Each structure stands twice: as C-alpha cells, then as structure tokens.
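Asks: Need the 3D shape of this:
(one chain, ligands or ions: 1)
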Amino acid sequence: MTNPLLENNVLPAFSEIKPEHVEPALNQVLEQAKQTVENLLKHQDQPTWQSLVLPMEALDATIDKVWSPVSHLNSVMNSDELRVAYNACLPKLSQFGTELGQNEDLYKAYNALATSPVYEQLDIAQKKVIDNALRDFRLSGVELSQTDRDKFKQISQQLTELTAKFEENLMDATHAWKKHITDEALLSGLPDSTKAMAAQFAQRDELEGWLFTLDFPSYMPVMSYADDRVFREEMYTAFATKASDQGPHAGQWDNTEIMADILKLRHELAQLIGFANHAERSLATKMAQSPRQVLDFLSDLADRSKPIAEREFTELKVYAKEQNPEISELEAWDVTYYAEKLRQQRYSISQEELKPYFPENKVVSGLFGVVNRLYGLDIKERNDMDVWHKDVRFFDIFDGKGELRGQFYLDLYARNHKRGGAWMDECHVRRQTEAGIQTPVAFLTCNFSEPLGDKPALFSHDEVTTLFHEFGHGLHHMLTKIHHAGVSGINGVAWDAVELPSQFMENWAWEREALDLISGHFETGEVLPQDLFDKMIAARNFQSAMIMVRQLEFSLFDFRLHLEFNPEQENQVDKILAEVRDQVAVVKPPKFNRFAHSFSHIFAGGYAAGYYSYKWAEVLSADAFSKFEENGIFDRATGLAFLESILEQGGSREPMELFIEFRGREPEIDALLRHSGIAA
Ligand code: ZN
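Replies: Now for the predicted structure:
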C-alpha cells in the first residue's frame, strides 16, 4: 500500500489522504528523524552550518511534510476517524519535540558552533537561527536534572492532549446546537440574505423552514437584526455557554476542568525551567520586556478608552429605552441589536447594505489589485490542484520580475466539521534546499457566508477586513527572502509583533482608492457609491471605545490569568475575569456567560499570556500605516520599503530594529489612538 503522505509530491495529495495513512506516516518520519539525529551527532567535532543546522532543518521539513497537511485537515475536514488518528500522533510528536529540545549532545553542538570562529562568518539570519535554538533548548529544559526533564516531557505531552481536547469540545459544542424554525414571524427583522442562508441550511438537513447554527455567519445576523427578543436570548445563551457547565448543552462538552488543568500544568512547566509563572515564560520570546510593561500598556489604553466607552454605552441604553420603553434592563442579547439600530439611525448604514458590493470574486481580485499596486505582485489562480474540498481555490504569487514567490490555498466558507474563525497557516516555509529554494505555501482559512442559491458569495465589510488581515499574515509568510527556515516568514518572529503585517493590511479595506478595486455590485458591477462610502467612514469609529475595552478585557484576563495563577486557589478563571470586568468592561455579561470556555486563542492556540499582542502590534501597524497616510496609500516607494524592511525579513532581526528601519524612528501610539477614535 502506498502512503500519499510519504510520497515525493511537491504539494500534499489532499484527496488521497485517509485517516489510516496518518499514524504509519508519522511513525516512519519520526523514526527516520531519530536516526538522523543520532548519525548527525557522530560527526560534530567542529560543527558547521552545513554539518549541523542544515540537516536539522531538513529533518523538521520531513516531519512538517507529513504533519502540516494532517493537522490542516483535522481543522478543516474533521471526522471521527481523522480525529482518532490525529490524537494518536500528538503524544508522539510532543515526546519527539521535547526529547530533541532536551538532547544534551545536540545542545552542546549548537553551543560549540555559537562559540566557534565559524559563527562570526555567518549572516545575520543564520546567527539568529542559532541564538534562537540555544534559547529554545533552555526553554525545553535541557539544563535540568534527568528527573525534571522527564517531568517536563510528561507535562508537555499532557498539555498537547488537553489543548487538542479543548478545541474538540468547542467544535462539537458549536456544531451540536441548531435552531429549527417553521414560523416565519420569528424571523422578523432579519435580512433576506440571512433568511436565504437559513433556508439553505434547512434544506441541506431535509427540513422545512429555516435552520440557524452557532457558526458566525448564522449567529451574528440574529444578534444584529432579529426583532424577536426571546429568539436572540436563546441563541445568545447557546453561543455564550458553548463547551461549558451552562446553557442548553450544560456539561456535555464542558471545558471547565480542562482549562483548570491547562493553567496548572503551564504554571508547573514555567516554574520547572526557572520562571515565576507562565506569563514570564511567555515573554521570554516576545518583544515586550516585562509583565509590568504589558500591564501598564493595557491599563493605559483602558484609562484612555473607558470613559468614552461608558459614554457610548449610556447613549445606547438611552436609545434602546426610547425605542422600546418596556426594556427595563439592556441585556447582553440586546446590545448588538440596538447598537445596529442606532448605527443605522445615526449613519443610515448597515453591514447588509454593503454586502451586494462585495461579491467574492471582486473582493479577491481587488485584494490582489491592491498588493499589485503596493508591491508589484501578480497573483494567478490555478485550477489543476488537488484540494480537500470543492470550494477551495489555489493561487500563485509572482513578483515584478516574474519570480514565483509563494502559493496559497484559499478556503473561504463556513461549513460543518470546520474549525471556526479565520487563520493563516504554513504548508511549506521558504528555505534553501539542495534542489534550490523551496517556495513558501500558505493555507488561508476563513468562515465566511457561502453563496446563496445562484448568487455569488456576498461578504460583509467585516469579512472583507478579515480577509485582508489573514492575507497580511500570508504575505509575511510568502514574501520572505530569508533562506533559513527557523527565521523565514513568520518563523522566529516575536509573537507580539506577528500581527503587524496582518493588521496593517486591514487599513486598505477602508480606503476609497482601494475600495474602487475591491467593490463592484454583484448585479451591476457598480463600485461602492460615494454616499455609502462616506457613511461607512463616518460609522467606522461607532462604539470603537466599547470595542477597545472588550479587547482589553480579553487581553488583561489572559495575561493576569497566567501571571497570577496560584495552584492553591480554586477557580481563578471566574475570579480574575470578574476583577478584569470590574476594571475595564462597560457591558456586564450575564452570570451564565462562559466566554472563557471558547477562548481557544489562549487555551488551544498560541496566544496564552500573549493575547495582548493584538493591541501591542496594532501600535506598530497603525504607525506603519501612518507613513502611507503621509506619502499616499499606494505610494510604491513606501510599499517597497515596507516589503523590504518588514515582510521580507521574517524573524531574522528584532522587530524593533526592523520597525525603525522602515519608519525612521521608534513606534508611537498616536496613530492607533487616532485610528480608533480615542485620541484626546
Ligand atoms: Zn492575525
């Protein structure tokens, strides 16, 4: 039997990969990798880049070649069988990773290379790879006693399994809940597009009427437009209690204990390698210098935003009361609904009105037009690729010289068995191989509204902005010119700087000149009319302080949770969340709200004690964009400077150094405050 995961194809043969291929393929590459390391270490009397680092890089690439498509499929085409195979591999990978990180001989070899004259002759990127490797050896516990090393390994393994379980619970809980409606009166207020989507969902399940799910394109319109307060409450309750001890599926996919265990184990692991807590451990690889600096940064933003957010919320309460005197208390399931009404009254604009101007093909080709004007890139679709679902598209990126710089898969729509949210992930990284440069390949995944009937998919402006965001990550990954995998693209980039290119790209979704490229009415082709554009801009900072304090609530909660964790105390999740809400929140959610139980960024993703990175990097991205505001948003010279100083450099140099090279000075917070409408 041939195994498609082990075949020598350039890109994964997605249609052929079956769950039964996963474990044997991984076993085989891990076995080979162990052998490689063993053989390698026999010849390291005087380690060089070629003798040590290159083979280690190749070893990583061999494992990635198997694992990257598997973990991607587990996220976007999940099934019971694949999940079993995936989970069976996690402990093996974790164990291999820790053993490699704790391999003393390997550590010594890297050390010998770092202190030899050879090191001085290496380029900046190569030096950074070696410095990072030494740092990561220490963070893997290489300097610990054997007993502690074993403990480290065991905890790492448990954490890998727990975080996967967290994500599984969330996916199952999200897809388990559905609301079937046969009485059209309940749909009052909902836009036609939402009703059509709900009808399409019902048909798919062979039901009459309409079906709503907790996927964002189905959930959000109900919160924004459904006049029926009970319907909103029911759906809000299901959404806000996913994977918890509350709500319609209370206790069924409950993440409570998993979260407590994750926190406890992260704390133990951090202490084992000499940090006081996981927050300090997290900062060891970030741009921010100390917990104090992070807390001060967030608190400063909170102090500036909260008074404005309170004013915004008071206005909303007054407005809701005027609209409906029977509402004695503005509940969590009323906030979005009345906010949308107030926005429409004040600016006479709604997300719905904009949608016809953002059909998929226009948005996607317009986005390519934007990066063509900025960086001279040409992006071309290919239809001959093996993909995992019929809706997935594939593209090549060429630069102005005709060189193939990157390739990406684009998977835009929400569907069952697909993890929620939007993200960019690596399929291949750019690196020098014996056969030449390996072209970087990205997975761009979103959960947008699908096409309805025979209309094209029509995106909300929020969705357009999200696409720009993820594409920014993709460009960072694909346009790198660094040849060493450890610091090419997003690799080795401090996590709190990694959102710079993504948040930076969002800005173009708000510019007239760019909107001329990305908008075109799906029936008439007409670009976004000026009056709608003016309204959209006027409404841009509507309730922006409320949004800001919400982000700060997440950031502070995450950071304090990992900073103040105390193994002696029970249930710190609720306690710290309550304290943070007292400090920054203006909308107090109901007692049953269990938002933390679906906060997968910090419990399953890489953002633990790092959610603040969004705001931190936004200072950088807003300030970087302000240079385009000064020089022209399509100024090619400024575009190329950003390309060369930031996007191409990957993690080869410190983010502060790169930023200064581009901006000519250190970052300033003014642009962020101005863009968010909270400047003094
Ligand atoms: Zn991002």
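
Asks: Going by C-alpha atoms from here, please, whenever you check contacts or count neighbours.
Replies: Will do.

Asks: For the residue nearest to the spatial centre of the chain, which residues are in contact?
Replies: By C-alpha atoms, centre = their mean, the chain has its centre lying nearest to residue 423, at 4.4 Å. Contact analysis of residue 423 by C-alpha atoms under 8 Å, 6 or more residues apart in numbering lists 444, 445, 446, 470.

Asks: any chance you could map the helices in the stretch 351-500 of the chain?
Replies: All helices of the stretch 351-500 of the chain, identified by DSSP state H, counting those that start in this stretch, fall at 351-354, 360-375, 461-478, 500-506.

Asks: and the shortest one, how far out from the chain's middle?
Replies: Okay, so that is helix 351-354. 25 Å (C-alpha atoms, centre = their mean, to the nearest Å).

Asks: Next, the buried residues of that helix.
Replies: Applying a neighbour-count criterion of 16 or more other C-alpha atoms under 10 Å, one finds 351, 352, 354 buried in helix 351-354.

Asks: The second one touches residue 189, doesn't it?
Replies: No: Residue 352 sits out of contact with residue 189 when judged by C-alpha atoms under 8 Å, with a separation of 11.9 Å.

Asks: ok so, going back, can I get the helices of the stretch 351-500 of the chain in a markdown table with mean pLDDT and distance to residue 29?
Replies: Output for the helices of the stretch 351-500 of the chain, formatted as a markdown table (pLDDT from 0 to 100; distance: least, C-alpha to C-alpha, whole Å):
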| stretch | mean pLDDT | distance to residue 29 |
| --- | --- | --- |
| helix 351-354 | 88 | 49 |
| helix 360-375 | 97 | 37 |
| helix 461-478 | 98 | 25 |
| helix 500-506 | 98 | 33 |
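
Asks: Go ahead and name everything in contact with the top strand by length along the chain.
Replies: Counting residues, the longest strand in the chain under DSSP state E turns out to be strand 404-413. The contact list for strand 404-413 (C-alpha under 8 Å, 6+ apart) reads 391-399, 439-450, 478-479.

Asks: let's see 6 Å
Replies: 392-398, 439-450, 478 (C-alpha atoms under 6 Å, 6 or more residues apart in numbering).

Asks: Among these, name the buried ones.
Replies: 392-398, 439-450, 478.

Asks: pLDDT weak spots in the chain?
Replies: Residues of the chain meeting the criterion pLDDT under 70: 1, 680.

Asks: Name the residues of the strand or helix carrying residue 35 that come out as buried.
Replies: Using DSSP states H and E, residue 35 falls within helix 19-41. Across helix 19-41, burial judged by 16+ other C-alpha under 10 Å covers 19, 21, 22, 23, 25, 26, 29, 30, 33, 37, 40.

Asks: Now for the spatially closest residue to residue 526 that is not a sequence neighbour: which residues touch it?
Replies: In space, and not counting its chain neighbours, residue 526 is closest to residue 520: 4.9 Å by C-alpha to C-alpha, 6 or more residues apart in numbering. By C-alpha under 6 Å, 6+ apart, residue 520 lies in contact with 357, 526, 527.

Asks: Among these, name the ones in strands.
Replies: Using DSSP E, none of the contacts of residue 520 sit in strands.

Asks: Going by neighbour count, which of the residues you listed comes out on top?
Replies: Neighbour counts for those (other C-alpha atoms under 10 Å) peak at residue 357, which has 27 neighbours.

Asks: gap between that residue and residue 3?
Replies: Going from residue 357 to residue 3 by C-alpha to C-alpha, to the nearest Å gives 45 Å.

Asks: before we move on, the earlier item: could you point out which element follows the helix holding residue 35?
Replies: Assigned by DSSP H and E, the successor of helix 19-41 is helix 54-76.

Asks: That following helix to helix 19-41, inter-axis angle?
Replies: 160 degrees (axes from the mean of the first three to the mean of the last three C-alpha atoms, to 10 degrees).

Asks: Now do the helix or strand following helix 54-76 and helix 54-76, the angle between them.
Replies: Sequence order places helix 80-101 as the next helix or strand after helix 54-76, per DSSP H and E. Angle, helix 80-101 to helix 54-76, by the same axes, to 10 degrees: 150 degrees.
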